[in-house]
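[1] Just a sequence and a predicted model for now, questions to come.
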Amino acid sequence: MDELIYGHNTEKNIVAVQQIDESRVKLYFREGNLVREEIRNFYPFFFISDKSYLEGFRKNFWLKKLKGNNFYQYVCAFNDLTDMWNAVRVILRNYSARHMVKVETYADAEIIYLRPDPVHQFLLQTGITLFKGMEFNDIYRIQLDIETYTRHRFSNPERIEDRIVLIALSDNRGWKHIIDGRRKNEKQMLSELVEIIQKKDPDVIEGHNILNFDLPYLIKRAELNEVELSLGRDKSKPKVATITYDKETVFTGIEIYGRHIIDTLILVQLYDFVKRELESYSLKYVSRYFGISSANRIFIPGERVSWYWENEPETLIKYAIQDAEETRKLSELLTPPYFYLTQMLPFSFWQVIKSGSSSKIESMLVRAYLRQRHSLPKPDVGFQTTGGYTDIFYTGIFENVVHADIESLYPSIMINFKVAPKKDELGVFLKMLEGLTKMRIEAKHKMKTAETPKEKAKYDAIQSSFKILINSFYGYLGYSRAIFNDYESADKVTSIGQDILKHLIAEIKKRGGKVIEADTDGIYFLPPEEYSTEVKSPDFVKQVSSILPEGINLVYNGFYKKMLSYKKKNYALLDKDGNIEIKGASLISRGMEPFARKYIAQCIRYLLNGEIEKIHELYKSLFKAISERKIDIFELAKTETLREKPERYIEMVKLGRRNKSAGYELAISRGKNYRPGDKITYYITGSTPDVKSFENCKLVEEWNPFRRDENVAYYLSKLNEYSRRFEIFFKPDDFKKIFSLNDGINFDNVEIITRKLKEEIS
DNA sequence: TAATTAAACCA
DNA sequence: TGGTTTAA
């Protein structure tokens, strides 16, 4: 089993692979603090651009689609050069004269490529991955942070008078260093950096936003200063990686030969993609969030850096060192799962971070197939039709609510009901899933029994690296571009999941419980009277779990003092410590105006605490603040992400295929050259509530506090609209009273209404 | 270089 | 209805 997952990983401690010439590569092994080099041969291979050439090779060679210059290519690898040239001959013989001519004519250019990216291909072919057999603490990481000087608001690497004034470095062995711009000119600073990197020879270079700021800046300044920025293990310069698409060149990253670049900003984004808790991705905010801020943290906003350099350089130095150290701690927190994944996947550290879940799974499947020299299938065309089961049976407020969910529902179904892609002739898909699951359980066990925090952290990283893979198997089945995709199997997984959940709901009802809401693999319910305590409810969960099929387990997931049930996928929970958790797009969403988000959250708090009069007071005060124009404009302003390119947006609107949108209209009309991904914050102007927002909007920066022009009627009607979220919890008369401007109302008799929306399945 | 469906809300 | 954001 290990073999399937670890592939050909027989080499230990390899930290880098590098091409020497056409048929040899240099391997770098880390041994303690030293790096040993060794030269090896590698397998020849070629790319072809048209898969029809591969028909004659089914089950003879391994094939993998890869992206070359704007189009997908297929790779064939061979034991030796003779084998490879034989294959070329077969291709030439098997296809028509036209094709033959074409192949020959373009042999060096378009159709057949020889070794365009040996390092990557070497890893892919042999399955030798970096850092094999190493622990995260074994690798040598350097953190880098630069500070730049400018007379303008923002520093620009191309402006000759701007310059790098500080380079702060730290490493994971407690070393710290400052390259000080007071003693050295920029040229000397850059040379010192090169010297240090060559001498220290780090495996990894880390930084927060290093890919979009520090490294590009260093590269540009090195160019201007005519310094060879030889940071690579082969003393080469950093390579700016781009892809050309529609004649447009897009920056995709920076590569330093033989080293890994880790940008902690990307890791933070990845983290928040799941968690959705962060307000900002800045190093300072994130460090505080994770509780890893340096003691006496200095904060210097970007536009103040130059001032500090001129007036208080020592403070700036401390600040830069703190940045480097926080980057190290952040990386220690976020990268280990990916580090351990590089030992399982034929990808480098950075590729593992950047690649999506399907390529992770597929790379393992492809590796297993190519080891057996078995051909690979093509993706099926079609789509998955079934998903998870979601239902809501009651709305209102409930006490003593239990949350239980089925442990790893989809992976468990795949394993226990043997659901696998029909194209997987070698049957490796399930074996891998089972193996990974087993290994994750072992890692979890080692984590629990670990004796030191360090050990614990290590096994936690390992088990979460398994989790990342395990969770990707189901999604892979329904993915249109996956070569082993199988929509029927994907549907089978979800329909079995639906049946299990429905069965569970019926069982809880049968045993005297009351199910409030269910979604995919979890349920919120009121247990029968005799189990309605935090201590006893897990017993009930256990009993119910026993009726589920073999290998499918319902686990207790929490006991809540109160639950507010609003709609499918929308609810709030109050735990015994008074913490409130709000879930659902209609109750908590980044698309809402900040005042609305806070208003809804407050109303929910008051509702759960039974403080009806406070809702009334809040409504009144907010109404007043808006009508008297006393509310902060940022509370009213919406923030929109512009994801489409301006040309595309304009085109779609012109064709009537898309509605106009305030964010885009503003960005375009203000002549801002926005890039997809940019955010825009705007508010609504005018005087009636039903204005078209894309015709009546202004950037929040354009707002004038002395001539306030926000649309009061519009925002008041918004307030009422948001209040209506709470309509279902009250009798109509009570609702009117609460959300009114009247004074002196008595709320003693207000009842919170519970509604039964439908009968539980039985 | 790209995992899935379900559901709510907005313009 | 298409776009966006969320839950799982």
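    In hand now; what should we look at? Numbering: from 1, shown residues only, chains lettered A, B, ... in the order given.
[2] which non-adjacent residue is nearest residue A:758?
    Residue nearest to residue A:758 in three dimensions, not counting chain neighbours: residue A:393, with 6.0 Å by Cβ to Cβ, 6 or more residues apart in numbering. All C-beta spots, glycine's among them, are computed from the backbone N, C-alpha and C.
[3] That neighbour touches residue A:756, doesn't it?
    Yes - here residue A:393 reaches residue A:756: they are 6.8 Å apart, a contact under Cβ atoms under 8 Å.
[4] Looking at the two, which one has more neighbours?
    Taking residue A:393 and residue A:756 together and counting by other Cβ atoms under 10 Å, residue A:393 has the greater number of neighbours (22 against 11).
[5] dump the residue contacts of that one.
    A:514, A:515, A:516, A:517, A:518, A:756, A:757, A:758, A:759, A:760 (Cβ atoms under 8 Å, 6 or more residues apart in numbering).
[6] Of these, which count as buried by neighbour count?
    Among the contacts of residue A:393, the ones that count as buried by 16 or more other Cβ atoms under 10 Å are A:514, A:515, A:516, A:517, A:518, A:760.
[7] which residues does the second one bridge with?
    Applying DSSP bridges to residue A:515 yields these beta-bridge partners: residue A:525.
[8] That one: what's it in contact with?
    A:393, A:505, A:508, A:509, A:523, A:524, A:525, A:760.
[9] Would you tell me which one of these comes nearest to DNA strand C?
    Using Cβ to the nearest atom of the strand, residue A:524 comes nearest to DNA strand C of the contacts of residue A:515, at 8.1 Å.
[10] wait, doesn't the closest one sit right on residue A:563?
    Yes - between residue A:524 and residue A:563 there is a contact under Cβ under 8 Å: 6.0 Å.
[11] anything in contact with each of these two?
    Here residue A:524 and residue A:563 have A:401, A:516, A:571 as joint contacts, going by Cβ under 8 Å, 6+ apart.
[12] any idea which of those is closest to DNA strand B?
    Of all the shared contacts of residue A:524 and residue A:563, DNA strand B sits closest to residue A:571, with 10.7 Å by Cβ to the nearest atom of the strand.
[13] Confirm for me that that closest one is in contact with residue A:565.
    Yes - applying Cβ under 8 Å, one finds residue A:571 in contact with residue A:565, separated by 5.1 Å.
[14] Residues that sit against both of the two, list them.
    Counting by Cβ under 8 Å, 6+ apart, the contacts common to residue A:571 and residue A:565 are A:517, A:524.
[15] residues in contact with the closest residue to DNA strand C within the stretch 301-450 of chain A?
    Of all residues in the stretch 301-450 of chain A, residue A:388 sits closest to DNA strand C, at 5.8 Å by Cβ to the nearest atom of the strand. Neighbouring residues of residue A:388 by Cβ under 8 Å, 6+ apart: A:494, A:497, A:498, A:501, A:519, A:520, A:521.
[16] repeat for residue A:697
    Contact analysis of residue A:697 by Cβ under 8 Å, 6+ apart lists A:662, A:665, A:666, A:682, A:683, A:684, A:685.
[17] ditto for residue A:216
    Counted by Cβ under 8 Å, 6+ apart, residue A:216 has contacts A:157, A:240, A:254.
[18] mind checking how far it is from residue A:304?
    22 Å (Cβ to Cβ, to the nearest Å).
[19] same deal with residue A:405?
    Separation of residue A:405 from residue A:304 (Cβ to Cβ): 48 Å.
[20] neighbour count winner among the two?
    Shown here are residue A:405 and residue A:304; by other Cβ under 10 Å, residue A:405 has more neighbours (22 against 12).
[21] which residues does the more buried one bridge with?
    Bridge pairing for residue A:405 - DSSP bridges - gives residue A:522, residue A:555.
[22] hang on, it packs against residue A:524?
    No - between residue A:405 and residue A:524 there is no contact under Cβ under 8 Å: 9.8 Å.
[23] need the contact list for the closest residue to residue A:479 other than its chain neighbours.
    Leaving aside its sequence neighbours, residue A:479 sits nearest to residue A:358 (Cβ to Cβ, 6+ apart; 5.1 Å). With contact taken as Cβ under 8 Å, 6+ apart, residue A:358 is in contact with A:472, A:475, A:476, A:479, A:481, A:482.
[24] To which secondary structure element is residue A:358 assigned?
    helix A:357-371 (DSSP states H and E).
[25] Quick check: pLDDT value at residue A:40.
    On pLDDT, residue A:40 comes in at 77.
[26] Could you do the one 10 residues further on as well?
    At residue A:50, the model reports a pLDDT of 51.
[27] go on, residue A:313?
    97.
[28] State the distance from the residue nearest to it when sequence neighbours are not counted to residue A:170.
    Counting by Cβ to Cβ, 6+ apart, residue A:182 is the residue found nearest to residue A:313 once chain neighbours are left out, at 6.4 Å. Distance of residue A:182 to residue A:170, given as Cβ to Cβ: 20 Å.
[29] ok, these two, which is more surrounded?
    Ranked by neighbour count (other Cβ under 10 Å), residue A:182 and residue A:170 place residue A:170 first, with 25 against 9.
[30] ok so, going back, columns secondary structure and distance to residue A:205 on top of the contacts of residue A:697, output as TSV?
    As requested, the contacts of residue A:697 are exported to TSV (DSSP: H, G, I helix; E, B strand; the rest coil; distance: Cβ to Cβ, whole Å):
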residue	secondary structure	distance to residue A:205
A:662	helix	42
A:665	helix	42
A:666	helix	39
A:682	strand	39
A:683	strand	43
A:684	strand	46
A:685	strand	48
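[31] ok, which residues in the stretch 501-650 of chain A are in contact with DNA strand B?
    Contacts of the stretch 501-650 of chain A with DNA strand B, taken as Cβ under 7 Å from any atom of the strand, map to A:567, A:568, A:569, A:570, A:584, A:585, A:586.
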